[in-house]
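*Asks:* generate a structure from the sequence data that follows.
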Amino acid sequence: MGLISLPVMMRYSYSPRLASGVICASGTLAQIIPPSIVLIVLADVLGASVGDLYAGALLPGLILVGLLMVYVFMVTMFNPAAAPALPAEARTLRGAALWRHALLVMVPPLTLILVVLGSLFAGIATPSEGGAMG
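*Replies:* Numbers count the residues shown, from 1 in each chain. As a prediction, this is how the structure comes out:
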């Protein structure tokens with residue numbers, strides 16, 4: 001993510017502190033938000049159920065994501081120069097077309113998460129099978 005996101009953020013004059021902080025926090029959050037390989041390894045080491053670890057990590061992970069979003073929002077409210085809006089020439093989609101594109105792009109990762117977690121929680125697949133589907 002850093003190799004893709006950071007150069008773009010720097011090109012559009014984002015604060016280096018905010019940009020690198022968001023990238024680091026996102027990488028850390030990816031370790032606990034299911035489906036996570038780290039939780040599968042941890043379950044094996046602890047002899048615990050992967051489904052239980054996924055269930056236990058989901059709410060705290062979502063809370064941390066929400067807190068990160070609130071933090072970034074507050075930083076940008078008090079210091080708009082930290083994350084300036086994209087220039088008009090960089091924004092090619094607007095209105096309904098932008099919403100349609102955003103929803104379309106979100107479908108594959110959300111489907112993956114729902115299939116992996118749904119199969120684990122429903123007892124249809126084992127953690128190994130769920131990881132293989134992912």
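*Asks:* buried sites along stretch 5-19?
*Replies:* 6, 9, 14, 15, 18, 19 (16 or more other Cβ atoms under 10 Å). (C-beta placed from N, C-alpha, C; glycine too.)
*Asks:* show me what the worst-scoring helix or strand of the chain on mean pLDDT is packed against.
*Replies:* Lowest on mean pLDDT, DSSP states H and E among the helices and strands of the chain sits helix 127-133, with a mean of 72. Helices and strands touching helix 127-133, by 3 or more Cβ pairs under 8 Å, 6 or more residues apart in numbering; DSSP states H and E, are helix 37-46, helix 50-78, helix 95-122.
*Asks:* what residues sit buried inside it?
*Replies:* By 16+ other Cβ under 10 Å, the buried positions in helix 127-133 come out as 127, 130, 131.
*Asks:* swap in stretch 39-54?
*Replies:* 39, 40, 42, 43, 50, 51, 53, 54.
*Asks:* the helices and strands packed on helix 127-133 into CSV, with extra columns for mean pLDDT and distance to residue 27?
*Replies:* CSV is the format used below for those (pLDDT from 0 to 100; distance: least, Cβ to Cβ, whole Å):
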stretch, mean pLDDT, distance to residue 27
helix 37-46, 85, 12
helix 50-78, 91, 12
helix 95-122, 86, 16
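*Asks:* pLDDT averaged over the host helix or strand of residue 6, what's the number?
*Replies:* Per DSSP states H and E: residue 6 is located in helix 2-11. Here helix 2-11 scores 89 as its mean pLDDT.
*Asks:* output that helix as CSV, nothing but the C-alphas.
*Replies:* Extracted C-alpha coordinates of helix 2-11, given in CSV (Å, rounded to 0.1, in the frame of the first residue of the first chain):
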residue,chain,number,x,y,z
GLY,A,2,2.8,2.4,0.8
LEU,A,3,4.4,2.0,-2.6
ILE,A,4,1.1,2.8,-4.3
SER,A,5,-0.5,5.4,-1.9
LEU,A,6,2.4,7.4,-0.6
PRO,A,7,3.7,8.8,-3.9
VAL,A,8,0.2,9.8,-5.0
MET,A,9,-0.5,11.5,-1.6
MET,A,10,2.9,13.4,-1.8
ARG,A,11,2.1,14.5,-5.4
